[in-house]
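Asks: after the sequence you'll find the predicted model.
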Amino acid sequence: MKKTFNSPLTISKKELLDTSGTTDKYFRQFLYDLSIAGAQLEVARGYLASQLGVSAPQYNILMVIAQYQHPEGIGLSEVAKHLHVSIAHITNEIKKLDQLGWVAIDVNPQDRRARLVKIHPQAEKQFIQLGNHQRSTNNALFANLSKSEFNQMRRILTKLIKDFASTIEQLPPIKK
């Protein structure tokens, strides 16, 4: 009879191995769960984006602008920083959102080369109406999370995003 195949450990950090320290099954399940949670969150974001008639990345950009804009607007680099994407990506999407009437773009009086963006006054009513969809969706998505769990998860995700970003930068190019 053939011996059962045992997958090699996919992590050696002892803190992330199972209680026995001999398998990484909990770690692997965590990755599967994290991947599924991310995909399901993207489905919900896609639904909310569809309520505005924009793409999911455009929705994320609009939400950052709506949340963080000052009376004069918010800088494109600040939007990029919140979303962990390049300023070039934000610039391209902002141009599209401007053409659709979602945002207003102004010159930054502190730096005439830079631009500030804010939610277009005529689009504000649609954001207010969207709030009901956002509240019910987010309340359902995070129904079982306590305040302390939420705060702990925020801290953990901040760490993971930093680790993930630095790891991705170090990966060799994909061979074709």
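Replies: Perfect, I can see it now.

Asks: what about the strand or helix carrying Asp163, distance to the chain center?
Replies: For Asp163, the host element (DSSP states H and E) is helix 147-170. On the basis of CA atoms, centre = their mean, to the nearest Å, helix 147-170 sits 11 Å off its chain's mean C-alpha point.

Asks: list the contacts of that helix.
Replies: 84, 142, 145 (CB atoms under 8 Å, 6 or more residues apart in numbering). Using the backbone N, CA and C atoms, a C-beta is placed for each residue, glycine as well.

Asks: of those residues, just say which sits nearest to Arg135.
Replies: Phe142 (11.1 Å; CB to CB).

Asks: how about TSV for the contacts of helix 147-170, with neighbour count, distance to Asp98 and secondary structure added?
Replies: Converted to TSV, these look like this (neighbours: other CB atoms under 10 Å; distance: CB to CB, whole Å; DSSP: H, G, I helix; E, B strand; the rest coil):
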residue	neighbour count	distance to Asp98	secondary structure
His84	10	22	coil
Phe142	11	32	coil
Leu145	12	36	coil
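
Asks: which elements pack onto the helix or strand Leu48 falls within?
Replies: Under the criterion of DSSP H and E, Leu48 resides in helix 25-52. With contacts defined as 3 or more CB pairs under 8 Å, 6 or more residues apart in numbering; DSSP states H and E, helix 25-52 has these neighbours: helix 56-68, helix 124-141.

Asks: point out where this structure drops to low pLDDT.
Replies: Applying pLDDT under 70 to the chain flags residues 1.

Asks: report the longest strand in it, please.
Replies: strand 111-119 (DSSP state E).

Asks: quick one: strands adjacent to that strand?
Replies: Sheet pairing of strand 111-119 (DSSP bridges) gives strand 74-75 (antiparallel), strand 103-108 (antiparallel).

Asks: just the buried residues of the longest one, please?
Replies: Buried residues in strand 103-108, counting neighbours by 16 or more other CB atoms under 10 Å, are found at 103-104.

Asks: residues making contact with it?
Replies: 62, 65, 72-73, 75, 94, 97-98, 114-121, 123.

Asks: now do it against helix 56-68: the angle between them, please.
Replies: In terms of direction (axes from the mean of the first three to the mean of the last three CA atoms, to 10 degrees), strand 103-108 departs from helix 56-68 by 60 degrees.

Asks: may I have strand 103-108 exported as CSV, CA atoms only?
Replies: C-alpha atoms of strand 103-108 as CSV (Å, rounded to 0.1, in the frame of the first residue of the first chain):
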residue,chain,number,x,y,z
VAL,A,103,-15.8,64.8,-8.9
ALA,A,104,-14.6,68.4,-9.2
ILE,A,105,-10.9,69.0,-9.8
ASP,A,106,-9.1,72.1,-8.8
VAL,A,107,-5.5,73.4,-8.8
ASN,A,108,-3.9,73.1,-5.4
